[in-house]
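Participant: Sequence plus predicted model, see below.
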Amino acid sequence: DQQVKQNSPSLSVQEGRISILNCDYTNSMFDYFLWYKKYPAEGPTFLISISSIKDKNEDGRFTVFLNKSAKHLSLHIVPSQPGDSAVYFCAAWKGKLIFGQGTTLQVKP
Amino acid sequence: DSGVTQTPKHLITATGQRVTLRCSPRSGDLSVYWYQQSLDQGLQFLIQYYNGEERAKGNILERFSAQQFPDLHSELNLSSLELGDSALYFCASSAEGGLSYNEQFFGPGTRLTVL
């Protein structure tokens, strides 16, 4: 039973353009949603979060949007930079973190 | 550097064996979490300890067990290993460990290969 899904295993964008990573969830009781970024040979690092009572949170080049009616979460990176190339995990919190499978983002110079 | 350390970095062992993975949380953090990342899988929550006591359990097999010691470091014990246990095992720590989300800081992981 996969409560958090990232249906796109990979995404490739050009430097300077927008990257949009998507995530769907099934449990409407989640309190918090988060995005983590992971480079090879490192652990995931926290990127940005959003409370279930909000619909948008922005931090520099990163914006997370939450659409509760659609049970959908997205991360926008504008402008994308080559250093953003990594695996991005969305996660949801209800007493514990439930992660999606990850999306590998490649930003081409 | 998250401040969370995990040893060893790599572990290669045979089926049926037992291994112990070790995690030291960030200074001052009371909660430790263990996650498993298998091939093509997201991170699966295994278990959480808070100040020495088990706080939450996820998809942890009965062959696996964990504990948190008085100095707050934690160990994950994996026994009767099977090929399917080959995975990356991450430890994370947070300051608190209640029902409200506390930012979790992840270690670099231990890569376990079972041959």
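Facilitator: Received it, and whenever you're ready, just let me know what you need. Numbers count the residues shown, from 1 in each chain, chains lettered A, B, ... in the order given.
Participant: now the single nearest residue of chain B relative to chain A, which residues is it bridged with?
Facilitator: When scored by C-beta to the nearest C-beta, chain B has B:F106 as its residue closest to chain A, at 3.2 Å. (C-beta placed from N, C-alpha, C; glycine too.) Beta-bridge partners for B:F106, by DSSP bridges, are B:A92.
Participant: phi, psi of B:D85?
Facilitator: phi -80, psi -10 (degrees, to the nearest 10).
Participant: how close does the closest residue to it other than its chain neighbours sit to A:A92?
Facilitator: Among residues not flanking B:D85 along the chain, B:V114 sits closest, at 5.3 Å (C-beta to C-beta, 6 or more residues apart in numbering or on different chains). Distance, B:V114 to A:A92, by C-beta to C-beta, to the nearest Å: 30 Å.
Participant: for B:Q17, same thing?
Facilitator: 35 Å.
Participant: ok, the residue of chain B closest to chain A - contacts?
Facilitator: A:Y36, A:G43, A:P44, A:T45, B:S2, B:V4, B:Y35, B:F90, B:C91, B:A92 (C-beta atoms under 8 Å, 6 or more residues apart in numbering or on different chains).
Participant: SS state for the nearest residue to the third one once chain neighbours are set aside?
Facilitator: Meaning A:P44. If the residues on either side of it in the chain are set aside, A:P44 comes closest to A:Y36, at 3.9 Å by C-beta to C-beta, 6+ apart. State at A:Y36, reduced to three classes by DSSP: H, G, I helix; E, B strand; the rest coil: strand.
Participant: Kindly supply the PyMOL command isolating those of the contacts of B:F106 that are buried.
Facilitator: Remark: buried members of the contacts of B:F106, expressed as a PyMOL selection using 16 or more other C-beta atoms under 10 Å in any protein chain shown:
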select buried, (chain A and resi 36+43+44) or (chain B and resi 2+4+35+90+91+92)
